[in-house]
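Enquirer: just a sequence and a predicted model for now, questions to come.
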Amino acid sequence: MKGRNLFGALLMAVLGAAIALFAYTRIADRPAVVVAKDSSRAEASEARAYLTALQTMPGQIDFTYAAEQTVHAVVHVRTKSVVQQPNNPIMEWFYGDRYRSRPREVAGYGSGVIISSDGYIITNNHVIEDAENIEVKLNDNRIFNAELIGRDPSTDIALLKIKAENLSFLEYGDSDKLKIGEWVLAVGNPFNLTSTVTAGIVSAKGRNLGILDNDYRIESFIQTDAALNMGNSGGALVDTKGLLVGITSAIYSPSGAYAGNSFAIPVSIVHKVVDDLRQYGEVQRALIGVNITDVTSEIAEQKKLSEVKGAMITSVHEGGSAADASLKKDDVIIRFNGIAV
């Protein structure tokens, strides 16, 4: 009796194992289905492996090439100047010469752009103005004393030279072809931080801010929203190809810190100024012999002009080219050599 029960149990175990093995082989051969939380599903037979590097799709803007080309051609400019403190005669009368003011050394800093492999560097005039010593620090941390080749207060451009060879440098682009809304990069040394890159778009062109204190000032700034701060002056504004289109110079702010508006001198002005400084040590200019002002809506209404554009002549210098050409006060210039004013 016991042997019969044992044989029956063994037979049931073998039969159960056979059924389980048959069911396993039938189910395991089918592809699994994975259900995600968003109710989408991916079948194992259709799954693919992907590399996780991000590829730039056509139409997307890649700043990495322009940044890589620019950071090695932008330098840190450091200056030292001596400032004479005003004397206080009352303190001197009571306490003598020990309260006589003494000259004070002042340090300044800004940025510069290398434009040739043999060490010519563009910066702003206001960066190096009145400096007794100018020092340049490259992106690889090498430091050189710089020679001032020339400067032009009317455009706020200065040209320096260091004794070095085989330097990375930027090539000129075409600022006249820049379009409103086009991407640009600003590279400089804000707050003594080296080679800082910011990005923005061209917000406007031909801005006149009236910030240059010179009778013959030339202001036609490129306005961008690329962040600039103290120390960015003299740095590079480049397009997405890494070509130099401007020299960063100023911000417009109620507090002195970046507030969304920054300005650069277009390379169309910079190129001519630098070439003259390099060749003559000063800028060669032909004077037309007029003073002008922008045509505003008030002027257009007062003079009954059909459009608010151009430049109005406010005075004509006797014996100048403008007088010889019969130009008169209140004449409005709308085109110059085929270019709209």
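Expert: Perfect, thanks for sending it.

Enquirer: and residue 309, how many neighbours?
Expert: Counted with other Cβ atoms under 10 Å, residues neighbouring residue 309 total 13. Just so you know, the C-beta spots here come from the backbone N, C-alpha and C atoms, and that holds for glycine as well.

Enquirer: list the contacts of residue 61.
Expert: Applying Cβ atoms under 8 Å, 6 or more residues apart in numbering to residue 61 gives the contacts 183, 240.

Enquirer: confidence score at it?
Expert: What the model reports for residue 61 is a pLDDT of 77.

Enquirer: what does the one 10 residues further on give?
Expert: What the model reports as pLDDT for residue 71 is 94.

Enquirer: which non-adjacent residue is nearest it?
Expert: Nearest non-adjacent residue to residue 71, counting by Cβ to Cβ, 6 or more residues apart in numbering: residue 195, 4.2 Å away.

Enquirer: quick one: contacts for residue 243?
Expert: Applying Cβ under 8 Å, 6+ apart, the residues near residue 243 are 170-174.

Enquirer: now residue 148
Expert: Neighbouring residues of residue 148 by Cβ under 8 Å, 6+ apart: 128, 131, 134, 158-160.

Enquirer: what are the bridge partners for the closest residue to residue 311 other than its chain neighbours, then?
Expert: Once flanking residues are discounted, residue 311 sits nearest to residue 292: 4.3 Å by Cβ to Cβ, 6+ apart. Under DSSP bridges, the beta-bridge partners of residue 292 are residue 313.

Enquirer: per-residue pLDDT of residue 292, please?
Expert: 84.

Enquirer: kindly report the same for residue 303.
Expert: Reported pLDDT for residue 303: 82.

Enquirer: and what of the one 10 residues further on?
Expert: The predicted local distance difference test score for residue 313 is 90.

Enquirer: enumerate every residue touching it.
Expert: Residue 313 touches 290-292, 322, 327-333, counting by Cβ under 8 Å, 6+ apart.

Enquirer: identify the bridge partners of residue 137.
Expert: residue 76, residue 143.

Enquirer: count of neighbours near it?
Expert: The local packing of residue 137 (other Cβ under 10 Å) involves 18 other residues.

Enquirer: hmm, residue 74 and it touching each other?
Expert: No. Using Cβ atoms under 8 Å, residue 137 is not in contact with residue 74; the gap is 10.7 Å.

Enquirer: sorry, back to before: among the contacts of residue 313, name the ones in helices.
Expert: Here DSSP state H is the test, and the contacts of residue 313 give residue 322 as lying in helices.

Enquirer: need the contacts of residue 313 in CSV with distance to residue 243 and neighbour count, can you?
Expert: As requested, the contacts of residue 313 are arranged in CSV below (distance: Cβ to Cβ, whole Å; neighbours: other Cβ atoms under 10 Å):
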residue, distance to residue 243, neighbour count
290, 34, 22
291, 35, 14
292, 31, 17
322, 36, 22
327, 37, 16
328, 42, 11
329, 41, 11
330, 41, 11
331, 38, 15
332, 35, 17
333, 31, 16
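
Enquirer: circling back: need the contacts of residue 148 in TSV (columns: secondary structure).
Expert: Formatted as TSV, the contacts of residue 148 follow (DSSP: H, G, I helix; E, B strand; the rest coil):
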residue	secondary structure
128	helix
131	coil
134	strand
158	strand
159	strand
160	strand
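
Enquirer: quick check, nearest of those residues to residue 231?
Expert: Taking Cβ to Cβ as the measure, residue 231 lies nearest residue 128 of the contacts of residue 148, at 13.6 Å.
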